[in-house]
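Peer 1: Show me how the following folds:
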Amino acid sequence: MHEVLLWIGRLAGLAGVLLCGVAVAARLSGSYELGSFQALTLLDAGTAAMVMACLAYLALLAEGRSANR
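Peer 2: Numbering: from 1, shown residues only. Modelled structure (predicted):
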C-alpha cells in the first residue's frame, strides 16, 4: 500500500501541475476556452488533482506512523 499511495501522489501531483499550467498558459494567451473546456474549469481540475496528491501523501504519512507502532 505504501508504494501505491506514493505513486498516486506523484501522478496526481504531476497531472495537477500540468493542468494548471495549461490553464494559465491559455489565459495568458487571451483565450477563455481550450477546446470545449473553459480555462477556469481546467484550473479547478488541476487544483483538485493537487489536493488529491496531498491527501495521498498524508495517507502515506499516517500509514507509516501506524506501521511503526
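Peer 1: how about the helix or strand containing residue 26: buried residues?
Peer 2: Assigned by DSSP states H and E, residue 26 belongs to helix 2-28. Within helix 2-28, the residues that qualify as buried are 5, 8-9, 12-13, 15-16, 19-20, 22-23, 26-27, counting by 16 or more other C-beta atoms under 10 Å. In this view, the C-beta of every residue, glycine as well, is placed from N, C-alpha and C.
Peer 1: Also stretch 50-65?
Peer 2: So, applying 16+ other C-beta under 10 Å, buried residues of stretch 50-65: 50, 52, 53, 56, 57, 60.
Peer 1: Pick the one among those residues closest to residue 35.
Peer 2: residue 50 (21.4 Å; C-beta to C-beta).
Peer 1: how close does residue 56 sit to residue 9?
Peer 2: Counting by C-beta to C-beta, to the nearest Å, the gap from residue 56 to residue 9 is 4 Å.
Peer 1: again with residue 15
Peer 2: 11 Å.
Peer 1: what's the answer for residue 40, then?
Peer 2: Distance of residue 40 to residue 9, given as C-beta to C-beta: 25 Å.
Peer 1: do residue 50 as well
Peer 2: 10 Å.
Peer 1: how about low-confidence regions in the protein?
Peer 2: The model of the chain has pLDDT under 70 over residues 65-69.
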